[in-house]
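Q: below: sequence and its predicted model.
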Amino acid sequence: MVKTLFLVIIVFIVFDFIIEQLLAYLNSTRFSEVLPEEVKGIYDEKEYIRSQQYLRLNNKFSILSDSVSFIILLAVLFFSGFGWLDHVVRQWSDNEIWQSLYFFGIIAFVSDIISTPFSVYHTFVIESKFGFNKTTLKTFVLDKIKGWIIGIIIGGGLLALIVFIFQSTGYWFWILAWGLITLFSIFMSMFYSNLIVPLFNKQKPLEEGDLRTAIEEFSKKAGFKLKDIYVIDGSKRSAKANAYFTGFGPKKRIVLYDTLIENHTIDELVAVLAHEIGHYKKKHILTGMAMGIVQTGIMLFIFSIFISNPILSQALGAAQGSFHVGALAFGILYSPVMLILEIATNAVSRKHEFAADRYAALNFNKQSLKEALKKLSVKNLSNLRPHPSVVFVKYSHPPLLARLAAIDQA
C-alpha cells in the first residue's frame, strides 16, 4: 500500500508538470513578430515585436525554472529526502510542534536558496533588459530578509497553532483550524495594507489636486464612501503599473501605483478607480473571500480524515506517522483538486472583471476605461493573444481584447 501511494504521488507530480509544460507550449504557438490585425491600434509594430521577445524569454525561463524544481523534487522523493529530514528533526526535539517548525522551515529555506538564482536572473537580467527593473541589489536582499522574518513569525505561528489544535482536539481539529485560518484571512484583508505593505513600500495619501478632486467627486456620485486614497512607490522595484482595492468596511482603501499616475490622464485614472469601486459595489471581494473560506474548509475536512493514517508519512519515506510529513504528502495528493478549484475560481474572477469593467463603463466613461486598459497592457508588455486553454486554466483576468469587446457592448 505504501509503494502504491508513493507511485500515485509521483504520478500526480508528473501530471502537474506535464500540464504546466503543455500550457507553456500552447502559449508559445501564439507568439509571432508579425503584428496581428486584431491588435493594430493598441501596439505599434516595433513595440509589439518587443512584447513578443519579452513573452518568449519569460516562457523559456519559466520552463527552465519549473524543470529544475521538478527534477529536484523527484530526486528528493526517490532518495527519501523527506523521510531523512523527518529523522533529523526528531533528533532535535520530541515536541511535534517544534518538529513541524523545523521540518517546514528547512524545506522553505532550501527552496528559497534554490529559487534565488532564478529570481536574481529574472529581476536583474530579464526585467532589466526590457526596462522594467528598478530594484537595487540592496532592496532585493532586504526584501529577502524581511520575507524570511515575516514567514517565521506569521507562517511559523500559524503552523504551531494548527499542530497544537491537532494534538489537543482530535475530531474537532478541522473546524477549529478552519476558524483560525478564517479569522486570520479576515484580519489580513483588513490590515495587510497597514501592517505588511509598509515593511516593503512607502504609502502616502494622494495629495490635494485635480486627481483627488475627480476621484472624490466620482466616489460621491457612486455612493461610495472613500477617504483613504493612497499612492504607493511601485517605481522602487518596477516600471510596471497597477492599482488595487484592499480591506472592507471602515478599513477599505484604494492604492494607486506612482507609475500608474505618471502614465495616465485623470479620466483614465478615475476609470481605473471606477473599476475597483465596481468590484466593491458588486460584492466581488466578499464573494472571493467566501469562496476561499469554503475551499479551505473542504480541504481541512478531507485532510482531517487522512492525516492520522501513518501511510501518508511512510509514502514519503518516514519511518512512522508524522503530522508534518503527512501534511506534505496530502498537499501533493490534493493537487488535482486544487487544479480544479483554481480553474473554477479563475472563471468566477474573470466574470467579476467583466462586471467591474461594465460598471465603470456605464457609470463613468467607456472610452477612458478602454484607453487605460490599453496603456496598462502596452506598458507591461502583456500578452494580448494568449492561448484559450491557458486563459481557461490560469487567467484570473480576461485578456485585453476580450475586455475591450465586452466594454463596447456595455
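A: Arrived safely, thanks for sending. Numbering: from 1, shown residues only.
Q: does Tyr230 count as helix, strand or coil?
A: Classification of Tyr230 using DSSP: H, G, I helix; E, B strand; the rest coil returns strand.
Q: show me the contacts for it.
A: With contacts defined as Cβ atoms under 8 Å, 6 or more residues apart in numbering, Tyr230 is in contact with 193, 203-206, 253-256. Every residue, glycine included, has its C-beta placed from N, CA and C.
Q: what ranges does the protein have for its strands?
A: 203-205, 229-232, 243-246, 253-257 (DSSP state E).
Q: which two in the contacts of Tyr230 are spaced the farthest apart?
A: The distance between the two most remote of those (Cβ to Cβ) is 14.1 Å, for Ser193 and Leu206.
Q: which of these two has more neighbours?
A: A direct count of neighbours by other Cβ atoms under 10 Å for Ser193 and Leu206 places Ser193 higher, at 23 against 18.
Q: and the pLDDT for the more buried one?
A: In this model, Ser193 is scored at 83, pLDDT.
Q: what do you get for the one 3 residues further on?
A: Per-residue confidence for Ile196 comes out at a pLDDT of 88.
Q: cool, the one 4 residues further on as well?
A: At Phe200 the predicted local confidence, pLDDT, stands at 91.
Q: that one is in contact with Lys146, isn't it?
A: Yes: between Phe200 and Lys146 a contact is recorded at 6.6 Å, counting by Cβ atoms under 8 Å.
Q: who has more neighbours out of the two?
A: Ranked by neighbour count (other Cβ under 10 Å), Phe200 and Lys146 place Phe200 first, with 16 against 13.
Q: contacts only, for the more buried one.
A: Going by Cβ under 8 Å, 6+ apart, Phe200 touches 143, 146.
Q: swap in the one 3 residues further on?
A: Remark: with contacts taken as Cβ under 8 Å, 6+ apart, Gln203 is in contact with 193, 197, 230-233, 255.
Q: what two of those are the furthest from one another?
A: Every pair of these checked by Cβ to Cβ; the farthest is Ser193 and Asp233, at 13.8 Å.
Q: low-confidence ranges in the chain?
A: For the chain, the stretches with pLDDT under 70 are 247-251.
Q: identify the single longest helix in it, thanks.
A: helix 45-78 (DSSP state H).
Q: how much space between Phe224 and Ala239?
A: 30 Å (Cβ to Cβ, to the nearest Å).
Q: for Ile145, same thing?
A: Distance from Ile145 to Ala239, by Cβ to Cβ: 24 Å.
Q: likewise Lys225?
A: Computed as Cβ to Cβ, the Lys225 to Ala239 distance reads 33 Å.
Q: comparing the two, which residue is more hemmed in?
A: Applying other Cβ under 10 Å to Lys225 and Ala239 shows that Ala239 carries more neighbours, namely 18 against 9.
Q: what's around the closest residue to that one other than its chain neighbours, how many residues?
A: Using Cβ to Cβ, 6 or more residues apart in numbering and skipping the chain neighbours, the partner closest in space to Ala239 is Phe132 (4.9 Å). Neighbour count of Phe132, defined by other Cβ under 10 Å: 18.
Q: give me phi/psi at Phe132?
A: phi -90, psi -40 (degrees, to the nearest 10).
Q: list the contacts for it?
A: 238-240.
Q: could you do Val393 as well?
A: Taking Cβ under 8 Å, 6+ apart as the test, what Val393 contacts is 19, 23, 339, 342-343, 346.
Q: repeat that for Ser62.
A: Applying Cβ under 8 Å, 6+ apart, the residues contacting Ser62 are Ala24.
Q: can you report how many residues lie near Phe78?
A: Counted with other Cβ under 10 Å, Phe78 comes out at 11.
Q: how much space separates it from Ser111?
A: Looking at Phe78 against Ser111, where the rule is Cβ to Cβ, the gap reads 18 Å.
Q: could you do Ala356 as well?
A: 35 Å.
Q: quick one, which of the two is more surrounded?
A: Ala356 (22 against 13).
Q: who touches the more buried one in this structure?
A: 275-276, 278-279, 282, 284.
Q: what does Leu362 give?
A: Residues counted as contacts of Leu362 (Cβ under 8 Å, 6+ apart) are Ala410.
Q: quick check: phi and psi at Ala239.
A: Torsion angles, degrees, to the nearest 10, at Ala239: phi -80, psi -10.
Q: report the contact partners of it.
A: Contacts of Ala239 (Cβ under 8 Å, 6+ apart): 131-134, 259, 379.
Q: got a ChimeraX select line for the buried ones in the residues you listed?
A: Buried subset of the contacts of Ala239, written as a ChimeraX selection, criterion 16 or more other Cβ atoms under 10 Å:
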select :132,133,134,259,379
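Q: mind listing which of the contacts of Ala239 are in helices?
A: Short answer: these in helices (DSSP H) are 259, 379.
Q: residues touching the closest residue to Leu55 other than its chain neighbours, list them.
A: Nearest-residue entry for Leu55: Asn383, 5.4 Å, with adjacent residues in sequence omitted and distances by Cβ to Cβ, 6+ apart. By Cβ under 8 Å, 6+ apart, the contact list for Asn383 reads 27, 30, 51, 55, 399.
Q: would you map the helices across the stretch 251-400 of the chain?
A: 258-263, 266-281, 284-306, 310-315, 323-333, 335-360, 366-379, 388-394, 400-408 (DSSP state H, counting those that start in this stretch).
Q: can I get the ones you listed in TSV with distance to Glu96?
A: Shown next, in TSV, are those (distance: least, Cβ to Cβ, whole Å):
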stretch	distance to Glu96
helix 258-263	47
helix 266-281	42
helix 284-306	16
helix 310-315	12
helix 323-333	6
helix 335-360	25
helix 366-379	48
helix 388-394	37
helix 400-408	49
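Q: Asp66 and His87: what is the separation?
A: Distance from Asp66 to His87, by Cβ to Cβ: 29 Å.
Q: so how far is His324 from Phe164?
A: For Phe164 relative to His324 (Cβ to Cβ), the value is 13 Å.
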